[in-house]
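A.B. asks: Coordinates only, no sequence provided:
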């Protein structure tokens, strides 16, 4: 019983660290993605309005 709870806590801590890592990674990627979308979206928008 004690071994089972220890495994569960260890898995929970591991998933928590993975979640924090992926949250930081995705926030950084989303910031980069916003810049990339702005760089690719606005010129195409201006091209559409120029035509």
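C.D. replies: Nice, thanks for sending it over. Values in this document were obtained by computation on a predicted structure and should not be read as measured data.

A.B. asks: Give the full set of residues in contact with residue 30.
C.D. replies: Counting by Cβ atoms under 8 Å, 6 or more residues apart in numbering, residue 30 makes contact with nothing. Every residue, glycine included, has its C-beta placed from N, CA and C.

A.B. asks: Distance-wise, check it relative to residue 6.
C.D. replies: 36 Å (Cβ to Cβ, to the nearest Å).

A.B. asks: go on, residue 34?
C.D. replies: Residue 34 is 42 Å from residue 6, by Cβ to Cβ.

A.B. asks: Just the helices from the chain, written as ranges.
C.D. replies: Along the chain, counting by DSSP state H, helices occupy 2-50.

A.B. asks: what residue ranges in this structure are flagged as low confidence?
C.D. replies: Low-confidence segments of the chain (pLDDT under 70): 1-5, 41-51.

A.B. asks: go with 90
C.D. replies: Segments of the chain classed as low confidence (criterion: pLDDT under 90) are 1-13, 15, 18, 22, 25-51.

A.B. asks: give me the number of residues near residue 37?
C.D. replies: Residues contacting residue 37 under the criterion other Cβ atoms under 10 Å number 11.

A.B. asks: Equivalent analysis for residue 13, please.
C.D. replies: 10.

A.B. asks: cool, residue 36 as well?
C.D. replies: Counted with other Cβ under 10 Å, residue 36 comes out at 11.

A.B. asks: ditto for residue 14
C.D. replies: Residue 14 has 10 neighbouring residues, counting by other Cβ under 10 Å.

A.B. asks: Spit out the contact partners of it.
C.D. replies: With Cβ under 8 Å, 6+ apart, residue 14 has no contacts at all.

A.B. asks: what do you get for residue 28?
C.D. replies: Residue 28 neighbours (Cβ under 8 Å, 6+ apart): none.
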